[in-house]
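S.K.: I need the structure of the sequence given here:
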Amino acid sequence: MRIISGVHKGRKIQAPKNLPVRPTTGQAKEALFNILNNNINISDSVVLEIFAGTGNISYEFASRGAKNITSVDSNNKCINFIKSISNEFLFNIKVVKKDAFKFLNSCDEHFDIIFADPPYNIDNGKYERLISLIDSKKLLKKDGLIIIEHSNKISLQNIKKYSESREYGGCCFSFFKL
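M.R.: Below is the predicted model:
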């Protein structure tokens, strides 16, 4: 992994091989942040990354100056890795060890961007549950954006509040506006 832009542009991050993750590829991450740069002011953003894994997306937001970032994962090794990188780079990332759905259910914060990268083998119904939970808890600020990374073998177009999808290799980003 490497940070694409911002104060830590070009810095490489080596994740331990024993993490149960599938990090977003550099090409897909670069394309995603090109979209975001053209549509939002990242430095004013409050960001939530759930199913954070390595924290790859959180690091990119932090390097680009996002106001606040919360990174959530249920795996101890992932949480410890995110904390160590956050400390090393002096990132303003709040790291939470919790199941993503339990976190959302108990959360009372509001976010400009919610990025979710659940395991590709997640049950399709959980994508809809994720959007519904975020909507019912009113976790997204006005004009906020939910981005879900998923396999290009599935479509999320039938979920309420769907806006668009972009495909990069084997992954797809679906965007939702509540």
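S.K.: residue contacts, the residue nearest the centre of the chain?
M.R.: Centroid-nearest residue in the chain, with Cα atoms, centre = their mean: Phe115, separated by 2.9 Å. With contact taken as Cβ atoms under 8 Å, 6 or more residues apart in numbering, Phe115 is in contact with 47-50, 57, 146-149. Just so you know, the C-beta spots here come from the backbone N, C-alpha and C atoms, and that holds for glycine as well.
S.K.: out of those, which end up buried?
M.R.: The neighbour-count criterion (16 or more other Cβ atoms under 10 Å) marks 47-50, 57, 146-149 among those as buried.
S.K.: if we can go back for a sec, now, the contacts of Phe115 that are in strands?
M.R.: 47-50, 146-149 (DSSP state E).
S.K.: which of the helices or strands spans the residue nearest to the centre of the chain?
M.R.: In the assignment (DSSP states H and E), Phe115 maps to strand 111-116.
S.K.: again with Asn34
M.R.: Here Asn34 sits within helix 26-37, counting by DSSP H and E.
S.K.: so what angle separates the directions of that helix and strand 111-116?
M.R.: 160 degrees (axes from the mean of the first three to the mean of the last three Cα atoms, to 10 degrees).
S.K.: buried residues, helix 26-37. List them.
M.R.: 28-29, 31-33, 36.
S.K.: same for it, what does it pack against?
M.R.: Judged by 3 or more Cβ pairs under 8 Å, 6 or more residues apart in numbering; DSSP states H and E, the packing partners of helix 26-37 are helix 56-63, strand 162-168, strand 171-176.
S.K.: got the CA coordinates for the second one in CSV?
M.R.: Output in CSV follows, covering the C-alpha atoms of strand 162-168 (Å, rounded to 0.1, in the frame of the first residue of the first chain):
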residue,chain,number,x,y,z
TYR,A,162,-28.4,4.1,-4.8
SER,A,163,-26.8,6.8,-6.9
GLU,A,164,-24.1,5.2,-9.1
SER,A,165,-21.3,2.6,-9.4
ARG,A,166,-17.8,2.7,-10.7
GLU,A,167,-15.9,-0.4,-11.6
TYR,A,168,-12.1,-0.8,-11.3
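S.K.: got the angle for it vs strand 171-176?
M.R.: Going by the same axes, to 10 degrees, strand 162-168 makes 160 degrees with strand 171-176.
S.K.: now the longest one
M.R.: Computed by the same axes, to 10 degrees, the angle separating helix 56-63 from strand 171-176 equals 60 degrees.
S.K.: now helix 56-63 against strand 46-50, angle please.
M.R.: Taking the same axes, to 10 degrees, helix 56-63 and strand 46-50 form an angle of 160 degrees between their directions.
S.K.: quick one: contacts of helix 56-63?
M.R.: Contact with helix 56-63 is made by 1, 3-9, 11, 13, 23-24, 29, 33, 42, 45, 47, 49, 52, 69, 71, 82, 85-86, 89, 91-93, 113, 115, 117, as judged by Cβ under 8 Å, 6+ apart.
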